[in-house]
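Chemist: Got a predicted structure plus its sequence, pasted below:
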Amino acid sequence: MMIKIYYADITNLNIENNLMGISVYRNEKLNKIRPTLSKRQSLGAELILNSAVKEIFPDMSFPLNIKHGKFGKPFCPELPVFFSISHSGNFSACAICEEEIGLDIQKPSAYKENLVKHHFTKSEREYIENSVNKDKAFIKLWTMKESYIKAIGTGLHTTLESFSVWPEAAVNSDSLGTYGIWSDYIEDYSFSVCVTRRHCPTPIIRKIEL
């Protein structure tokens, strides 16, 4: 199994000049978004997906026929791979894999004690409390947890306190099996991907220009 992560800085992305070849799904989302940064993040995520698909499947036609699952997870029936997109701050990103996958990225953020108290498990709270840098430890586990609920496609319909990603960097579910998680910091942002196997392989990571 191979995982590829593509990401880009969307700070100066020109929205009007990059709408060609965008899916109906994305256009509908963009029409509901007001803040310019949020539009750039959302548009950038699909532009990155398109770039990845063009590289891996050069004969694929565009725009992609993107659908969404019961809880909103996007997919493309014509693609022989799975993908997951995420954005935060100045970055948008996309992960591609032959198996179901979840990607989450987060910009640097301060440790939020109240959030951790109510949404993290005992082992996760202990990891953060014992970390030299609580801010980075908090964001690391947050993206790991988000990547899991994105991999299983339920989003926050699965509560964050109902499962633990630490200390195994994996989630063991009686009904869903085991999901492994890879996590690291890229340009000070926390990146995490989750896949349907016990150990998540190290992804190939590439920054692209939009």
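Modeler: That came in fine, so what should we check first?
Chemist: in the lowest-mean-pLDDT helix or strand in the chain, what's buried?
Modeler: Ranking every helix and strand in the chain by mean pLDDT, DSSP states H and E puts strand 170-173 at the bottom, with a mean of 91. Residues of strand 170-173 classed as buried: Ala170, Val171 (neighbour count, 16 or more other CB atoms under 10 Å). (Each C-beta comes from the backbone N, C-alpha and C, glycine too.)
Chemist: hmm, who's touching that strand?
Modeler: Applying CB atoms under 8 Å, 6 or more residues apart in numbering, the contact partners of strand 170-173 are Tyr148, Phe163, Ser164, Val165, Thr178, Tyr179, Gly180, Ile181, Cys194, Arg198, His199, Cys200.
Chemist: let's go with 10 Å and repeat that
Modeler: 144-145, 147-149, 151-152, 158, 162-165, 177-181, 194, 197-200 (CB atoms under 10 Å, 6 or more residues apart in numbering).
Chemist: helices or strands next to the longest helix seen in the chain in the packing?
Modeler: Taking DSSP state H as the criterion, the chain has its longest helix at helix 36-56. Counting by 3 or more CB pairs under 10 Å, 6 or more residues apart in numbering; DSSP states H and E, the packing neighbours recorded for helix 36-56 are strand 3-9, helix 24-31, strand 74-75, strand 82-88, strand 91-97, strand 204-207.
Chemist: Alpha carbons of that helix, in CSV - could you do that?
Modeler: Output of helix 36-56 as CSV, limited to C-alpha atoms (Å, rounded to 0.1, in the frame of the first residue of the first chain):
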residue,chain,number,x,y,z
THR,A,36,-12.2,34.6,1.2
LEU,A,37,-9.7,32.5,3.1
SER,A,38,-12.3,29.7,3.5
LYS,A,39,-13.0,29.8,-0.2
ARG,A,40,-9.3,29.5,-1.0
GLN,A,41,-8.9,26.6,1.4
SER,A,42,-11.9,24.7,-0.1
LEU,A,43,-11.0,25.5,-3.7
GLY,A,44,-7.4,24.7,-3.1
ALA,A,45,-8.2,21.3,-1.7
GLU,A,46,-9.9,20.2,-4.9
LEU,A,47,-7.2,21.8,-7.1
ILE,A,48,-4.7,19.7,-5.2
LEU,A,49,-6.9,16.6,-5.7
ASN,A,50,-7.1,17.3,-9.4
SER,A,51,-3.3,17.7,-9.7
ALA,A,52,-2.8,14.4,-7.9
VAL,A,53,-5.4,12.6,-10.1
LYS,A,54,-3.8,14.0,-13.3
GLU,A,55,-0.4,12.7,-12.1
ILE,A,56,-1.6,9.2,-11.2
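Chemist: Fine, thanks again, bye for now.
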